[in-house]
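In: here is my input; please provide its structure:
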Amino acid sequence: MGLLDDKVVLVNGGSQGVGAAVARAAVREGAVVAVTGRRPEPGEALVRELTAAGGKALYVRADLSDAEQAKASVARVVETYGRVDCLVNAAGLTSRGTLLDTTPELFDQHIGINLKGPFFAMQAAVADMVGREEPGTIVNIITSSAHGGQPFLAPYVAAKAGLIGLTRNAAHAHRWDRVRINGLNIGWTATEGEDATQKTFHGAGDDWRAEAAAKLPMGKLGQPDEIADFVVFLLSDRSGVVTGSVIDWDQNVLGGLD
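Out: Sure thing, here's the model as predicted:
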């Protein structure tokens, strides 16, 4: 038996990167999966991949910075499969900005994708769970940078730190509904989005992953499939009663000094 047999799992921001890895792991563990994304091409390609592997999957086009679209993504899954058992908020915007050069427009973009979208997707998913009087699980993909982060991540840190507070608040509010909500503060991860970020904002060459890995304690960046396995565990009954936890999934020990 799989860890998520017969569960309906919605992965927001699931068409690439960590979200896509979570979708693959969830299907492997027996779940029916829906993924959202703004671009149809990668979303539909992932659904074809999962279906060809024997899974059941759905792509929902959505811009999660729009609260109505975030809520509608949940409604589409409920309409298609009858319910949402698990939600993963994996969408993320990492475009750069410091305290001094961030524009109101950039700040709003970060709040939209990194905080408002998860808020209203959680609102709709928890409403479905509570309305059916059934338990559910949610995992928010956050970031170790939410503890402070680099100066060029000011709006990103502000939004993701808010997501930490939301994770704990919602977990407390719905503990008696048996809705478990946890977060994962992931570190530097080898994704398509990170590749684009390094090349766009830092002038990195094609060998940046190898150069970065050589400077990290474990000799590699975080791997999406490893993160996905951890997320699936948190979504599953095997993670027991844990709720309201925000786990640092990183190879750097926060607070440790040399």
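
In: list phi and psi for residue 179.
Out: Here is the backbone geometry of residue 179 (degrees, to the nearest 10): phi -100, psi 110.

In: pretty sure it sits against residue 132.
Out: No: using CB atoms under 8 Å, residue 179 is not in contact with residue 132; the gap is 11.0 Å. Glycine gets a C-beta too; all of them are placed from N, C-alpha and C.

In: who has more neighbours out of those two?
Out: Shown here are residue 179 and residue 132; by other CB atoms under 10 Å, residue 179 has more neighbours (22 against 14).

In: next one: the residue nearest to residue 14 when sequence neighbours are not counted from residue 52, what distance?
Out: In space, and not counting its chain neighbours, residue 14 is closest to residue 35: 3.0 Å by CB to CB, 6 or more residues apart in numbering. Here residue 35 is placed at a distance of 15 Å from residue 52 (CB to CB, to the nearest Å).

In: and those two? Which one has more around it.
Out: The residue with more neighbours, out of residue 35 and residue 52, is residue 35; 31 against 8, by other CB under 10 Å.

In: so that one: helix, strand or coil?
Out: State at residue 35, reduced to three classes by DSSP: H, G, I helix; E, B strand; the rest coil: strand.

In: now do the contacts for it.
Out: For residue 35, the contact set (CB atoms under 8 Å, 6 or more residues apart in numbering) comprises 10-12, 14-15, 19-20, 23, 43, 46-47, 57-60.

In: need the CA coordinates for the helix or strand bottoming out on mean pLDDT in the chain. PDB is fine.
Out: Using mean pLDDT, DSSP states H and E, the weakest-scoring helix or strand in the chain turns out to be helix 192-202, at a mean of 75. The C-alpha trace of helix 192-202 is given here as PDB (Å, rounded to 0.1, in the frame of the first residue of the first chain):
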ATOM      1  CA  GLU A 192      14.500  24.800 -13.200                       C
ATOM      2  CA  GLY A 193      13.400  28.000 -11.500                       C
ATOM      3  CA  GLU A 194      16.600  28.300  -9.500                       C
ATOM      4  CA  ASP A 195      18.700  27.700 -12.700                       C
ATOM      5  CA  ALA A 196      16.800  30.600 -14.400                       C
ATOM      6  CA  THR A 197      17.300  32.800 -11.300                       C
ATOM      7  CA  GLN A 198      21.000  32.200 -11.100                       C
ATOM      8  CA  LYS A 199      21.500  33.000 -14.700                       C
ATOM      9  CA  THR A 200      19.200  36.000 -14.800                       C
ATOM     10  CA  PHE A 201      20.100  37.800 -11.600                       C
ATOM     11  CA  HIS A 202      23.600  36.500 -10.900                       C
END
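
In: following that helix, which helix or strand shows up next?
Out: helix 208-214 (DSSP states H and E).

In: and residue 215, how many neighbours does it have?
Out: Using other CB under 10 Å: residue 215 sits among 8 other residues.

In: an error on my part: the question was meant for residue 47.
Out: Residue 47 is flanked by 22 other residues according to other CB under 10 Å.

In: and the one 3 residues further on, by the same measure?
Out: Other residues within reach of residue 50, judged by other CB under 10 Å, total 22.

In: not counting its neighbours along the chain, what's nearest the most centrally placed residue in the chain?
Out: Nearest to the geometric centre of the chain sits residue 90, at 1.7 Å (CA atoms, centre = their mean). Spatial nearest neighbour of residue 90, excluding adjacent residues (CB to CB, 6+ apart): residue 19 at 3.5 Å.

In: report the buried residues of the helix or strand harbouring the one you found.
Out: Per DSSP H and E, residue 19 falls inside helix 17-28. Neighbour counts over helix 17-28 (16 or more other CB atoms under 10 Å) mark 17, 18, 19, 20, 21, 22, 23, 24, 25, 26, 27, 28 as buried.

In: which one among the residues you listed gets closest to residue 224?
Out: Taking CB to CB as the measure, residue 21 is the one of these closest to residue 224, at 3.6 Å.

In: list the contacts for that closest one?
Out: Listed by CB under 8 Å, 6+ apart, the contact set of residue 21 reads 224, 225, 227, 228.

In: now residue 241
Out: Counting by CB under 8 Å, 6+ apart, residue 241 touches residue 180.
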